[in-house]
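Engineer: Structural data only, the sequence is not supplied:
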């Protein structure tokens, strides 16, 4: 019984992960955006050091997709086809001034309509964790397959002994 429950849980987890990946791919293809809207949030990986000290290269950020921002928030906005994660330093009507914490000069002014959202959580070293999760999943799948083989062999031995 426990084995059946474990199988169902594993298959459901794989199913949910595949559905989320498929959803992400379809949404990005149909909208043409560089991010996925998952219940009003998205996840991005930082690739530059402009926010060093606060957000490092390789850190992940969870972004709430919103236009409800205020000064000192770390926001994500689109400039041409690039997503930029910088701190909002000044708001005047529809004109926003941003600056990377590690930069010496502020960015060119932007308008509120290019804002994707605000950073609500930083995950340090996400590039490491992405690789670690893949390795852990491969190890867990190998352990699961080996355990299934052992259980099947024991079951077959028990059935033959009963005959």
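Structural biologist: Looks like it came in fine. As the structure is a computational prediction, the values presented were derived from the model and not from experiment.

Engineer: Report the secondary structure state of residue 57.
Structural biologist: coil (DSSP: H, G, I helix; E, B strand; the rest coil).

Engineer: right, and it touches residue 50 too?
Structural biologist: No: under the criterion of C-beta atoms under 8 Å, residue 57 makes no contact with residue 50, lying 9.4 Å away. Yep, even glycine has a C-beta here, placed from its N, CA and C like the rest.

Engineer: if you count what's nearby, which of those two comes out ahead?
Structural biologist: residue 50 (19 against 14; other C-beta atoms under 10 Å).

Engineer: Please list all residues in contact with that one.
Structural biologist: 84, 85, 86, 100, 101, 102, 103 (C-beta atoms under 8 Å, 6 or more residues apart in numbering).

Engineer: now, which of those lie within helices?
Structural biologist: Of the contacts of residue 50, none are assigned to helices by DSSP state H.

Engineer: just curious, which of those residues is nearest to residue 124?
Structural biologist: Set against residue 124, the nearest of these by C-beta to C-beta is residue 85 (14.6 Å).

Engineer: List only buried entries from the contacts of residue 50.
Structural biologist: Listed as buried from those are 84, 85, 86, 100, 103; burial here means 16 or more other C-beta atoms under 10 Å.

Engineer: In a markdown table, list the residues you listed along with distance to residue 157 and pLDDT.
Structural biologist: Shown next, in a markdown table, are those (distance: C-beta to C-beta, whole Å; pLDDT from 0 to 100):
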| residue | distance to residue 157 | pLDDT |
| --- | --- | --- |
| 84 | 62 | 94 |
| 85 | 58 | 96 |
| 86 | 64 | 97 |
| 100 | 65 | 96 |
| 103 | 68 | 95 |
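
Engineer: is it true that residue 107 lies in a strand?
Structural biologist: No: Residue 107 sits outside any strand when classified using three-state DSSP, being coil.

Engineer: Quick one: residues contacting the nearest residue to it once chain neighbours are set aside.
Structural biologist: Closest residue to residue 107 apart from its sequence neighbours, by C-beta to C-beta, 6 or more residues apart in numbering: residue 98 at 4.7 Å. Residue 98 sits next to 75, 77, 84, 86, 87, 88, 89, 106, 107, 110 when contact means C-beta under 8 Å, 6+ apart.
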